[in-house]
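K.L.:
Fold the following for me, if possible:
(4 chains)
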4 protein chains.
Amino acid sequence: MAAVLKGSFYLLGRYRKHVDLVHVSARHMSSKTQVGFVGLGNMGNPMAKNLLKHGYPVVATDVFPEFCKEVQELGAQIVDNPAEVADKADRIITMLPSSPNVIDVYTGPNGILKKVKKGSLLIDSSTIDPAVSKEMAAAAEKQGAVFMDAPVSGGVGAASSGNLTFMVGGAEEEFNAAKELLTCMGANIVYCGQVGTGQAAKICNNMLLAIGMIGTSETMNLGIRLGLDPKLLAKILNMSSGRCWSSDTYNPVPGVMEGVPSGNNYQGGFGTQLMAKDLGLAQNTATNTKTPVPLGSLAHQIYRMMCARGYANKDFSSVFQFLREEESQ
Amino acid sequence: MAAVLKGSFYLLGRYRKHVDLVHVSARHMSSKTQVGFVGLGNMGNPMAKNLLKHGYPVVATDVFPEFCKEVQELGAQIVDNPAEVADKADRIITMLPSSPNVIDVYTGPNGILKKVKKGSLLIDSSTIDPAVSKEMAAAAEKQGAVFMDAPVSGGVGAASSGNLTFMVGGAEEEFNAAKELLTCMGANIVYCGQVGTGQAAKICNNMLLAIGMIGTSETMNLGIRLGLDPKLLAKILNMSSGRCWSSDTYNPVPGVMEGVPSGNNYQGGFGTQLMAKDLGLAQNTATNTKTPVPLGSLAHQIYRMMCARGYANKDFSSVFQFLREEESQ
Amino acid sequence: MAAVLKGSFYLLGRYRKHVDLVHVSARHMSSKTQVGFVGLGNMGNPMAKNLLKHGYPVVATDVFPEFCKEVQELGAQIVDNPAEVADKADRIITMLPSSPNVIDVYTGPNGILKKVKKGSLLIDSSTIDPAVSKEMAAAAEKQGAVFMDAPVSGGVGAASSGNLTFMVGGAEEEFNAAKELLTCMGANIVYCGQVGTGQAAKICNNMLLAIGMIGTSETMNLGIRLGLDPKLLAKILNMSSGRCWSSDTYNPVPGVMEGVPSGNNYQGGFGTQLMAKDLGLAQNTATNTKTPVPLGSLAHQIYRMMCARGYANKDFSSVFQFLREEESQ
Amino acid sequence: MAAVLKGSFYLLGRYRKHVDLVHVSARHMSSKTQVGFVGLGNMGNPMAKNLLKHGYPVVATDVFPEFCKEVQELGAQIVDNPAEVADKADRIITMLPSSPNVIDVYTGPNGILKKVKKGSLLIDSSTIDPAVSKEMAAAAEKQGAVFMDAPVSGGVGAASSGNLTFMVGGAEEEFNAAKELLTCMGANIVYCGQVGTGQAAKICNNMLLAIGMIGTSETMNLGIRLGLDPKLLAKILNMSSGRCWSSDTYNPVPGVMEGVPSGNNYQGGFGTQLMAKDLGLAQNTATNTKTPVPLGSLAHQIYRMMCARGYANKDFSSVFQFLREEESQ
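P.N.:
Have a look, this model is predicted:
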């Protein structure tokens, strides 16, 4: 019923608001019906588990069958491909590594849009180019479905504990429906605007994060060379205008702070390779919109050089180590 | 008396700690005797006034006689040159535009060191190359005087209200004596370590500040072009890992925040030209210590380009404006 | 006949070489039959004229009908859209502003591939992302046609005088057929390798060109500030290891060299905006192939900033002017 | 006699030209009298030998006595320190590692200026900050001596074969006297202008060289990743506007060119560490003259990072290797 109403509002223009309300509450009532999930990797796995924990029946798939085992044991139904997921669920969450995967999962031969039901809500939590999000939204709209982008911040830990932040782009009237599901997996659900703005917010944040991290690393390294004690320098920066998240919460210098990757040989955390990927997205969107991002662009290059020099799998705060003189010299 | 004791400890090696205590308390007792002040510009003027307000007799000088009028009317004694200041006061504060001025005021033909008394305490609040601070300290030590570097953060407003932050480098046993005076002019007095570390802390903070400001400007500009509302984007960044002082306290986008230069056509605040100067110092110290500072270096270049294109006297947050498309295009 | 043979060789595997020879000579014999041309802008117009001058009947189209007038008066047949061009000619040259235009002209609803004949030779001289060239080649191959990328270096002047350089990517056995046409429009026809390598060569050259030009501008500016005569400095660089095309052939400093845009207020030449576009392509291909290009990336950002500050239509050597202090300061 | 005349011209203003002529010819006549040499390292050693080969008696010194042996065996007189050199010779050449060494050799307690004769010609071939050259010239002038800066391009090989290029700054009327000596050691002797411009020319050339080398390395690496054959790409660049010394004479890609360090595992040539030093000088002079040098500055940072990562002693063309993916990844 919801699906029918949903699909029809594209034809009904002037009744849209009203229909939406009907639709939303209809979908709300059906809230413990199937939720689809595509992409059961490091992030997708704990996210799907949290949906199960909250009582949602989950129907899921992944190109790697072994990734499906854990959620299957917890009660999820595993199907062959995204189209099958769409056949069984009218709310679907996707969590994939990159733009081509998203394009394939939505518009490929066995993609969601092959069997999507009218009125379905499709939420993509992958971090991809906002232009691709817009394309997917347009393709979904042609089938009478709604696509929202909802990339996350927070890593595997936050995914496990249900503490992710979701940045959501898409039709505002669908936000509550999306929020209902996202709340099972995240602590902050932020509405950002039209489709693609969730990605935009994510990309912007990570670009500034990378700049702050490299900047903090350069600064700490310089200060240490000039004779400052690193803990004292961090303290001074943190009470001054140099303060940033990388200096006060995730300091890259071993010994300055506890419980962060710099204290654990840069293991865990957010890999340099993943940061390089996000900076590549930022670079592409900046290039495509003709926006100058000089520091963002250089940050991208530095993380790219780090990937080429063996830092791909270390936490992105290892840029401090990369900039320091090697021991052997 | 203090001067004699002070001077003598250079000869007395093993009794140093003991003598210092005697000395410090001696100088403390004489705390309302003359304080010298060299450099009565935008910053020096309100700083000297605060000393007068706290009851210190001030003997001052400046190469521009007209800069001396205000403090003279408030009771300061004006003399011809730094040497004369040193002749009349054994605690002297200097506040000068750049390294060559400091070198001249201390070691020039009419410099402080020409007439400095043994045991004098010389505090330089200029922002200069830490290597120059070390040279001045060495030259002062030859005359039996103590030199400390104590650059400030906070602008003319903080100088007037006595709310500067002082970052102090020099012999730890002299810190209390310095603090006694600096407390009249500042709210935070931070001991940083050996001579030059005050400058190091200042330079490090400002380098990271510049990186954060340009990074925030790029990010806000990119986000706006991608369809995000600037206030919302600032809010998202500030609750996420992109957070920094420039995003949450001094946002460069007009309309995002009140009471900052971006809301006032980038007037007031901290001039681009001054930031370029500090970044030049950071660059020089990094070059001299062979420390890579890729983002700091590019930040320097960007502020340098801005100076060349008419932004010299605008607040340094005007980099947001510099990066945006011109209206006329 | 050629078309039939051509198309069939996709099925005939082992006879390919032989068939190709037959095909090529067949197409060669028909060399004064129709040549299609899509895109009659600043570059396309003189290129199409040169084909006409060499006796080739031309059938052409452009989205702007007024761009078609000149070649029509010279004897070209004008048709409605690229599909119509493909209907009338089995050798087609396209010269378009950017990747989306190319995608539309080839694969759009009225695109070349809608009516392309088997065995046709499609040569794209646009400067675009090599990945798009590869996509177009794959799409053309499905229709039994051959696609080659053949971007040019040299501007409107070289296009008019038939002195362009073409960098050609695609099946080596088709190179001679392509060369026959390209020779009418260019003085150097260079075979670069598989499809996309023509673009790669163009992009690589322009990235290094931009780096050399900005580098030369910085260097000349610095030398002048240090007291060197600009002509003397150029002479020294050009006999030393600093030598590059921008220093010895296209010097950006007014007065150093005659007949270059720097001597004519940076009018004419290769616009900053076009350079920014090519650097954007370089950036995208570097990002997509995970290749670090730190200077290329910064060069891109600098040209992007120049576009934002009123330099979009000046020659790209105006970066010298951009970096200099403004007169008014 | 020459010394007296020389010294006196500082007092004689209006007769200067005349006196100079007398002086120059006087020094010319005495051309086979003693020439002083300070600094017998990798470069100074072969340079001093070339003076001996040309029949000049040489009086030399170095802080490391073992560096003096070779020239001593060839007939040079070895003395204790620069002051002793100045006592015995009125034409002195210095070849030292960096600015502090130059300051010490000229103005230190046993420095040249302690015993320099009036009218002496002091030629410094070290690569240092032009501001230091100016200081030395001013100090020399006070003693009635003439100081010229004459840094070289070309490495140890060119020094041995007498094929260095000298870039000479200083009083034009002394250039011929300097040239007489420099011709024994170099093939090109270029007069650049006032004192310091020799350094300026050297620094400018090397900054542009570094930019060109990194740019060539990025470009070649990108092209290779995009499927271009490196030799072909080099050929295309070298016939196009991307051409530069690093692409056509000293290509950084192994196998593209013979007889260059890239073909010999980046051994020999011009060390990364030395390039980083020269870029540091360029950076300092740019900072001090408030000149924006964005690419020069980033080039500096990249060579600095390379030094920190084990490339210090490899040829500076090894930046190609630094930017490539490591084998082990």
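
K.L.:
mind listing what's buried in stretch A:253-270?
P.N.:
Buried residues in stretch A:253-270, counting neighbours by 16 or more other CB atoms under 10 Å in any protein chain shown, are found at A:253-254, A:256-257, A:260-262, A:266, A:269-270. Every residue, glycine included, has its C-beta placed from N, CA and C.

K.L.:
So that stretch, near chain D or not?
P.N.:
No - using CB under 8 Å from any CB of the partner chain, stretch A:253-270 never reaches chain D; the gap is at least 15.8 Å.

K.L.:
Out of the buried residues of stretch A:253-270, which are close to chain B?
P.N.:
Contacts with chain B within the buried residues of stretch A:253-270, counted by CB under 8 Å from any CB: none were found.

K.L.:
would you say A:Met257 is within a strand?
P.N.:
No - A:Met257 sits outside any strand when classified using DSSP: H, G, I helix; E, B strand; the rest coil, being coil.

K.L.:
where's it relative to A:Ser246, distance?
P.N.:
Using CB to CB, to the nearest Å, A:Met257 is found at 11 Å from A:Ser246.

K.L.:
same question, A:Arg91
P.N.:
For A:Arg91 relative to A:Ser246 (CB to CB), the value is 37 Å.

K.L.:
higher neighbour count, these two?
P.N.:
Neighbour tally, A:Arg91 and A:Ser246, criterion other CB atoms under 10 Å in any protein chain shown: the higher count belongs to A:Ser246, 33 against 23.

K.L.:
Report the separation between the more buried one and A:Gln199.
P.N.:
For A:Ser246, the distance to A:Gln199 equals 22 Å [CB to CB].

K.L.:
Can you give me every residue that contacts A:Phe316?
P.N.:
By CB atoms under 8 Å, 6 or more residues apart in numbering or on different chains, the contact list for A:Phe316 reads A:210, A:213, A:269-272, A:274-275, A:303.

K.L.:
does stretch A:158-177 come close to chain B?
P.N.:
Yes - Stretch A:158-177 lies within reach of chain B by CB under 8 Å from any CB, at A:165, A:167.

K.L.:
low-scoring pLDDT stretches of the stretch 151-300 of chain A, where are they?
P.N.:
By pLDDT under 70, the stretch 151-300 of chain A has no low-scoring segment.

K.L.:
dump the residue contacts of the residue nearest to A:Gly55 when sequence neighbours are not counted.
P.N.:
Take A:Gly55 and drop its neighbours on the chain: the residue closest to it by CB to CB, 6 or more residues apart in numbering or on different chains is A:Lys32, 5.8 Å away. Listed by CB under 8 Å, 6+ apart, the contact set of A:Lys32 reads A:55-57.

K.L.:
Surely A:Met207 and A:Gly280 touch.
P.N.:
No - with contact defined as CB atoms under 8 Å, A:Met207 does not reach A:Gly280; the gap is 10.6 Å.

K.L.:
and these two? which has more neighbours close in?
P.N.:
A:Met207 (30 against 22).

K.L.:
Which of the helices or strands spans the more buried one?
P.N.:
helix A:197-225 (DSSP states H and E).

K.L.:
Any part of that helix near chain D?
P.N.:
No - using CB under 8 Å from any CB, helix A:197-225 stays clear of chain D, coming no nearer than 9.5 Å.

K.L.:
how far out from the middle of the chain is that helix?
P.N.:
Chain-centre distance of helix A:197-225: 18 Å, with CA atoms, centre = their mean, to the nearest Å.

K.L.:
Run through the residues that contact the closest residue to A:Gln72 other than its chain neighbours.
P.N.:
Nearest residue to A:Gln72 in three dimensions, chain neighbours excluded: A:Ile78, at 5.1 Å (CB to CB, 6+ apart). By CB under 8 Å, 6+ apart, the contact set of A:Ile78 is A:59-61, A:65, A:68, A:71-72.

K.L.:
what do you get for A:Asp129?
P.N.:
Listed by CB under 8 Å, 6+ apart, the contact set of A:Asp129 reads A:99, A:199, A:281, A:284-285.

K.L.:
got it, and A:Val260?
P.N.:
A:249-251, A:269, A:317.
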